[in-house]
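Chemist: A structural model of the following input is requested.
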Amino acid sequence: MTARPHPARTRAAPAVAIFTDDPGWHGARLCAALAERGWEGRYVSLTACHFDLSAGGPGLHLPGFDALPDAAFVRGVPGGTLEEVVYYLDVLHALRRLGVLVYNDGGAIERSVDKGMTSFLLHTAGVPTPPAWVVRDPDEAGRVLARELAAGHDLVLKPLFGSQGEGLTRLSGKDQAALPRPVGNAIHYLQRFIPGDTAQAQDFRVFVIGARAVAAMRRSAPTGWITNVAQGATCHPADLTPDLRDLAEAAARTLEMAYAGVDILRDTAGRAWVIEVNGVPAWKGLQQVCGFDLAAALVADLLRRHRGAPRMEAVG
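Modeler: Prediction:
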């Protein structure tokens, strides 16, 4: 029998749907922070959610919930085909339309997961970010590459929807004979490479919660130029200087994000640039070096927003 939403029932504790396929350390920290405030966290895979529009009620079913959750925390969105990803985002959009607070909501995820849109929004808002090109025509992409290399600039070719430093290619005038095919799709996202202000590759991850930068770390690469922790970079404490704070908060505000991990690099002149903005950032590495309880801060901001959020209860 197909499960359907049932009328709202009294729960021992209000519940938050934590969307993730890999709860791990982050899920456990969120559940513990929720429990400390008398709330319950329940893990939900977006792949297991479905719409049932055959009867009354909200028309959306989340496994483990008889009624709508009191709020939702987006810890991860699965990859897949375009159709699958749109479907997962539809679930997030539907929850918000039903009055459920979604943290970050579908719109914020869309704006941040698409590097081209992120760069466009930052650029048009005047937030310092490296020049970038998003191109479908490989001939035009080749012309961009030739112009930039001739001007003495390296480029970084990135997957439009990539994460954790996977699929990055640095294009240099020293050895670049042709434009590689982009990983996973036919869209070329090209970002000008910004040389850093130190001999060893490094950048900063600034964590923004509720429009406020709360912590920062420095990431350094033992070899090479990629500073993602998933690619072997190490985490170090970092001061949340005024320029890092202001830039990270401006980026999160521009993308309308409840929480964000903002990657910032200082060039050889010391000027800070926003390289990327992550809408589902991990924080284990940052937690280990900042001495700040990030899960507790995330939950506090979520519940603060929930107190002012309208709700639509399940009916029928």
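Chemist: residues of stretch 52-60 that come out buried?
Modeler: Neighbour-count burial for stretch 52-60 flags 57-60 (criterion: 16 or more other Cβ atoms under 10 Å). Where C-beta positions appear, they are placed from N, C-alpha and C, glycine not excepted.
Chemist: wait, stretch 295-307
Modeler: 295-299, 301-303, 306.
Chemist: then stretch 278-296?
Modeler: Those would be 278-283, 285-287, 289-290, 292, 294-296, for stretch 278-296 by 16+ other Cβ under 10 Å.
Chemist: quick one on the thing from earlier: out of the buried residues of stretch 52-60, the closest to residue 98 would be?
Modeler: Nearest to residue 98 among the buried residues of stretch 52-60, counting by Cβ to Cβ, is residue 58 at 5.0 Å.
Chemist: so what's that closest one scoring on pLDDT?
Modeler: On pLDDT, residue 58 comes in at 91.
Chemist: swap in residue 163?
Modeler: 63.
Chemist: coming back round to it: hmm, which of the buried residues of stretch 278-296 is lowest in pLDDT?
Modeler: Among the buried residues of stretch 278-296, residue 292 has the lowest pLDDT, at 85.
Chemist: can you list the strands that the helix or strand residue 216 falls within pairs with?
Modeler: Using DSSP states H and E, residue 216 falls within strand 212-220. Strand 212-220 pairs in its sheet with strand 202-209 (antiparallel), strand 234-237 (antiparallel), by DSSP bridges.
Chemist: between these, which gets nearest to residue 85?
Modeler: strand 202-209 (24.3 Å).
Chemist: dump the residue contacts of the closest residue to residue 152 other than its chain neighbours.
Modeler: If the residues on either side of it in the chain are set aside, residue 152 comes closest to residue 173, at 7.2 Å by Cβ to Cβ, 6 or more residues apart in numbering. For residue 173, the contacting residues are 149-150, 152, 154, by Cβ atoms under 8 Å, 6 or more residues apart in numbering.
Chemist: of all those, which two lie farthest apart?
Modeler: Longest span within the contacts of residue 173, Cβ to Cβ: 150 and 154, 12.0 Å.
Chemist: quick one: which of the two has more around it?
Modeler: Higher neighbour count among residue 150 and residue 154: residue 154, with 17 against 9, using other Cβ atoms under 10 Å.
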